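>>> Sequence isn't available, so here's the structure alone:
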């Protein structure tokens, strides 16, 4: 399935709620790129986006990627390393997710998240 056809049938409530959009899909590299706007309602009292929202953006990109690749898989474990906070200067983030490993029972997906400011 190509990305345009997938967009027509993909109906995840969280993706709508977070106003996510699919940017590109490369089936040869097993890679999906998405974009999410930063919404003030998800900031903590210190003025930073909650880390769980960043996790959601990444997990929410890896899941559709597995569907695009024809795999019915769910997240079994998730870990993230944060390198800088996401504050109100950041207007959107992009997530690049890819399938790193596969065997007959499961796959390992990885993701990187980038601020619009680099």
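On my side now, so go ahead. Fair warning: this is a prediction, and the values are worked out from it, not measured in the lab. Numbering: from 1, shown residues only.
>>> Can you give me the buried ones in the lengthiest helix in the chain?
Of all segments of type helix in the chain, defined using DSSP state H, the longest is helix 51-68. Neighbour-count burial for helix 51-68 flags 53-68 (criterion: 16 or more other CB atoms under 10 Å). Every residue, glycine included, has its C-beta placed from N, CA and C.
>>> Can you say which two of these are spatially most distant?
Pairwise distances across the buried residues of helix 51-68 peak at 22.9 Å for 53 and 68 (criterion: CB to CB).
>>> Spell out the residue ranges of the strands in this structure.
21-26, 31-37, 92-102, 107-115 (DSSP state E).
>>> nearest to residue 3, of those?
Across these, closest to residue 3 is strand 21-26 (CB to CB), at 4.0 Å.
>>> Give me the buried positions along that closest one.
So for strand 21-26, counting by 16+ other CB under 10 Å, buried means 22, 25.
>>> so what secondary structure elements neighbour it?
Applying 3 or more CB pairs under 8 Å, 6 or more residues apart in numbering; DSSP states H and E, we find strand 21-26 packed against helix 3-9, strand 31-37, helix 51-68.
>>> now do 7 Å
Applying 3 or more CB pairs under 7 Å, 6 or more residues apart in numbering; DSSP states H and E, we find strand 21-26 packed against helix 3-9, strand 31-37.
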